[in-house]
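Colleague: Whatever this is, show me its structure:
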Amino acid sequence: MKKPVPPGQNALLHGRNAPDSGYSGLGTAAQYSQALNSIRYCVGTTKNPPPEENIIIYALDQYGARSADASVQVNIIAVNDPPVNTIPTFGAGVNANTPLTFFGNVSISDPDAGANPVQVSLTAEHGTMTLSKFSGLTFYTGDGIADLAMVFSGTISNINSALNQMSFMPDMDYIGSASLNIITEDLGNTGSGGPLFDNDTIPIAVWCTAPLIWTQPQNVSASDGDFVNFNVAAIGPGLTYQWHRNGVNIEGAISSHLTIQVTIDDDGTTYSVTVLNDCGEIESDSASLSVSLGYPSITLQPESQTVTIGSIVVFEVQATGGWLSYQWQFNGSDIPGETGPILILPDVQLEASGYYSVLVYT
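Modeller: The predicted structure follows:
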């Protein structure tokens, strides 16, 4: 398409793909010289166009007599554009001991990187980071899982896939201000100007939360003398515990579990625990304890003995199982009055020879 150029006015040329790529009009030689000296060549891209598209061709046509074409080669030098980080406008927040997931609100871009790799550095303060994907990434620091710091490279597409649903896990029991720093460097792959980077920090508020009991203490049945356990499972930062027996604090019982040896006197008692932190406290349900006498168990049997006439013989039994009672027997018959754990036979005679046993019961 040809457009007339008013005498004395500049001509504006675009590349071959532009809507207007040539101009003509009536004017004096001086006017055309002025117009030609004022031509501006505008490039609509930062990349290097093919050389054949960077040529200005002009000729003089006077009353049908056309001069030979003259041309000017335009050398375009691409300028590197910096990468751009996109982060949450107002930072982020998360409860203590809870992961924070970034759903598509952390990403990078670069107008001229194309398929060339760029490098990303991530640094966490008061926490660790885990990427959601690893395909196409090369790691130089860290491995992308629970890292305090990581440095990796890849295409913009692969990096954004990894950043989408990236998670930040605060330090255990930490409450306060945390952050995640992201530095993207384009490695100077395109155009002049050398490597360029973008540096941004995402502020993260880690909130304190009151304890929450996940598993309550359970009722327990036991026999006299048994060891029993009560347990509680709770979540929250900086937890402490205090166990109670019938509502009264148990001295030294300050962990998530309580172990006691029970007696028949503990039957019907209740046990509960208060879970506390700096943000509040919560009381557990009460668990009841049922204690029975149970079955006795003999831990030391009487031993057979061979003695001379007139000797003193002592038989002993040891047992567990609550309030125990005993009855010694001779050849299967009860020995009157012998109802303790020890049987003493003074001045034994020949007729005392036989089998001695003891019945232990509750």
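Colleague: ok, the closest residue to Cys279 other than its chain neighbours to Phe227 distance?
Modeller: Distances taken as Cβ to Cβ, 6 or more residues apart in numbering put Cys208 closest to Cys279, at 4.2 Å, once the chain neighbours are dropped. The C-beta positions use only the backbone N, C-alpha and C, and glycine is treated the same way. Separation of Cys208 from Phe227 (Cβ to Cβ, to the nearest Å) stands at 36 Å.
Colleague: ok, now Pro211?
Modeller: 27 Å.
Colleague: now swap in Thr101 and tell me
Modeller: Taken as Cβ to Cβ, the span from Thr101 to Phe227 is 44 Å.
Colleague: do Gln31 as well
Modeller: Counting by Cβ to Cβ, the gap from Gln31 to Phe227 is 110 Å.
Colleague: Comparing Thr101 and Phe227, which shows the higher neighbour count?
Modeller: Thr101 (13 against 9; other Cβ atoms under 10 Å).
Colleague: so what's the more buried one up against?
Modeller: The contact partners of Thr101, by Cβ atoms under 8 Å, 6 or more residues apart in numbering, come to Gln165, Met166, Ser167.
Colleague: Now do the same contact list for the residue nearest the centre of the chain.
Modeller: When the chain is reduced to its mean C-alpha position, the nearest residue by Cα atoms, centre = their mean turns out to be Met169, at 4.0 Å. Contacts for Met169 (Cβ under 8 Å, 6+ apart) come out as Pro99, Leu100, Gly127, Thr128, Met129, Thr130, Ala146.
Colleague: And it, how close does it get to Glu185?
Modeller: 26 Å.
Colleague: Kindly report the same for Val106.
Modeller: Distance, Val106 to Glu185, using Cβ to Cβ: 16 Å.
Colleague: neighbour-wise, which of the two wins?
Modeller: Neighbours per residue, other Cβ under 10 Å: of Val106 and Glu185, the larger number sits with Val106, 22 against 19.
Colleague: which residues sit in contact with the nearest residue to that one once chain neighbours are set aside?
Modeller: Leaving out its chain neighbours, the residue that sits closest to Val106 by Cβ to Cβ, 6+ apart is Leu163, at 4.9 Å. Contact analysis of Leu163 by Cβ under 8 Å, 6+ apart lists Phe102, Val106, Ser107, Ile108, Val120, Leu131, Ser132.
Colleague: Make sure the fourth one is actually in contact with Ile159.
Modeller: Pointing back at Ile108 there. Yes. Between Ile108 and Ile159 there is a contact under Cβ atoms under 8 Å: 6.0 Å.
Colleague: for the protein, which spans come out with low pLDDT?
Modeller: Residue ranges of the chain with pLDDT under 70: 1-27, 29, 32, 36, 38-54, 56, 58-64, 76, 322.
Colleague: before we move on, the earlier item: what's the neighbour count on the residue nearest to Cys279?
Modeller: Around Cys208 there are 17 residues (other Cβ under 10 Å).
Colleague: what separates it from Val275, distance-wise?
Modeller: From Cys208 to Val275 the distance is 14 Å (Cβ to Cβ).
Colleague: One more: Tyr355?
Modeller: From Tyr355 to Val275 the distance is 59 Å (Cβ to Cβ).
Colleague: Neighbour count: those two, which is higher?
Modeller: Higher neighbour count among Tyr355 and Val275: Val275, with 23 against 9, using other Cβ under 10 Å.
Colleague: This protein - how does it break down into domains?
Modeller: 2-73, 84-207, 212-292, 297-361 (automatic domain parsing).
Colleague: Quick one: residues contacting Leu137.
Modeller: Counting by Cβ under 8 Å, 6+ apart, the residues that Leu137 touches are Leu131, Gly144, Phe152, Ser153, Gly154, Asn158, Ile159, Ala162.
Colleague: change it to 10 Å
Modeller: 117, 120, 131, 143-144, 150, 152-155, 158-159, 161-162 (Cβ atoms under 10 Å, 6 or more residues apart in numbering).
Colleague: can you check Ala210 too?
Modeller: Gly236, Pro237, Val275, Leu276, Asn277, Asp278, Cys279, Gly280, Glu281, Ile282.
Colleague: Okay, and which of these map to strands?
Modeller: Residues of the contacts of Ala210 located in strands (DSSP state E): Val275, Leu276, Asn277, Gly280, Glu281, Ile282.
Colleague: so where do the helices sit in the stretch 151-300 of the chain?
Modeller: Ranges of helices in the stretch 151-300 of the chain, per DSSP state H, counting those that start in this stretch, are 156-163.
Colleague: Quick one: end-to-end distance for stretch 243-258.
Modeller: 7 Å (Cα to Cα, to the nearest Å).
Colleague: Just list whatever residues bridge to Thr101.
Modeller: On the basis of DSSP bridges, Thr101 is bridged to Ser167.
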